[in-house]
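A.B. asks: Fold the following.
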Amino acid sequence: MRYDKGHKEATRKRIIETAASRFREEGIAAVGVANLMSDIGLTQGGFYNHFESKDDLVREAIALAWQGTYERLRKALERSKHGGIEALIDSYLSAAHRNEVAEGCVAAALSAEIARGPVSLREAFSHGAEQTTELIAGVLPGKLTPKQRRGMAMAVMSTLVGTLVMARAVNDQAMSDELLRHGRRAALALAESAP
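C.D. replies: The predicted structure is shown next:
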């Protein structure tokens, strides 16, 4: 069967997008190649026309997921009436983001699993974390030195991710909402604190 030009790249992109969502929703280990390919109407054998291994796909999916987080936060900075770090924090710790596990932040969904994974996956994860740290650092108070700005950005990002993980994990909606509310306050206080 002869396919149109660009078909292979479009198929590869669809596999990566589906994997990025499924990995965040279910976990990397829980998503098998055969199951994933079947979900998008392809055979397991076809997988190897696009990727050398599942780890190869996971690296691509991690990169795509981080790109989505970065874009979500960048857009929050641009469209909010109050802008700045507060807009970024509000976007990240929103009820909508808490509820959108499959499309949400890869750090909140997969950090623990990636920490136990191979170095190549941790490298892909680290690259996305670095870009997001730089985005956060760019909206912190100007009186900070570059080193202070980076450290503060890492602390804010850790607060955001930890809060989101906890808010998703508890089984009490009121407690989850309370975690988001207090996490927003803590992250904003941290971001606005001066050394």
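
A.B. asks: Please make it C-alpha for all contacts and neighbour counts, starting now.
C.D. replies: Will do.

A.B. asks: helices and strands around the worst-scoring helix or strand of the chain on mean pLDDT, which ones?
C.D. replies: Between all helices and strands in the chain, the lowest mean by mean pLDDT, DSSP states H and E belongs to helix 44-47, at a mean of 84. Packing partners of helix 44-47 (3 or more C-alpha pairs under 8 Å, 6 or more residues apart in numbering; DSSP states H and E): helix 33-39.

A.B. asks: Buried residues, the helix it packs on. List them.
C.D. replies: 33, 36, 37 (16 or more other C-alpha atoms under 10 Å).

A.B. asks: so what's the residue nearest to the first one when sequence neighbours are not counted up against?
C.D. replies: For residue 33, ignoring the flanking residues on the chain, the nearest one in space by C-alpha to C-alpha, 6 or more residues apart in numbering is residue 44 at 6.4 Å. Taking C-alpha atoms under 8 Å, 6 or more residues apart in numbering, we find residue 44 in contact with 33, 34, 37, 38.

A.B. asks: just to revisit the earlier point, quick one: which of the buried residues of helix 33-39 is nearest residue 87?
C.D. replies: Checking the buried residues of helix 33-39 against residue 87 by C-alpha to C-alpha gives residue 36 as the nearest, at 35.4 Å.

A.B. asks: Look up the closest residue to the closest one, ignoring the ones flanking it.
C.D. replies: Residue nearest to residue 36 in three dimensions, not counting chain neighbours: residue 19, with 7.1 Å by C-alpha to C-alpha, 6+ apart.

A.B. asks: ok, that neighbour - contacts?
C.D. replies: 36, 57, 58, 61.

A.B. asks: ok, back up a step: would JSON lines of the contacts of residue 44 with distance to residue 138 be doable?
C.D. replies: As requested, the contacts of residue 44 are exported to JSON lines (distance: C-alpha to C-alpha, whole Å):
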{"residue": "33", "distance to residue 138": "39"}
{"residue": "34", "distance to residue 138": "42"}
{"residue": "37", "distance to residue 138": "40"}
{"residue": "38", "distance to residue 138": "42"}
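
A.B. asks: Any stretches of this protein with poor pLDDT?
C.D. replies: Applying pLDDT under 70 to the chain picks out residues 1-5, 80-83, 194-195.

A.B. asks: Next secondary structure element downstream of the longest helix along it?
C.D. replies: Longest among the helix segments of the chain by residue count, using DSSP state H, is helix 54-79. Per DSSP states H and E, helix 54-79 leads on to helix 84-92 as the next helix or strand towards the C-terminus.

A.B. asks: That next one - contacts with which helices or strands?
C.D. replies: Under the contact criterion of 3+ C-alpha pairs under 8 Å, 6+ apart, helix 84-92 touches helix 54-79, helix 173-192.
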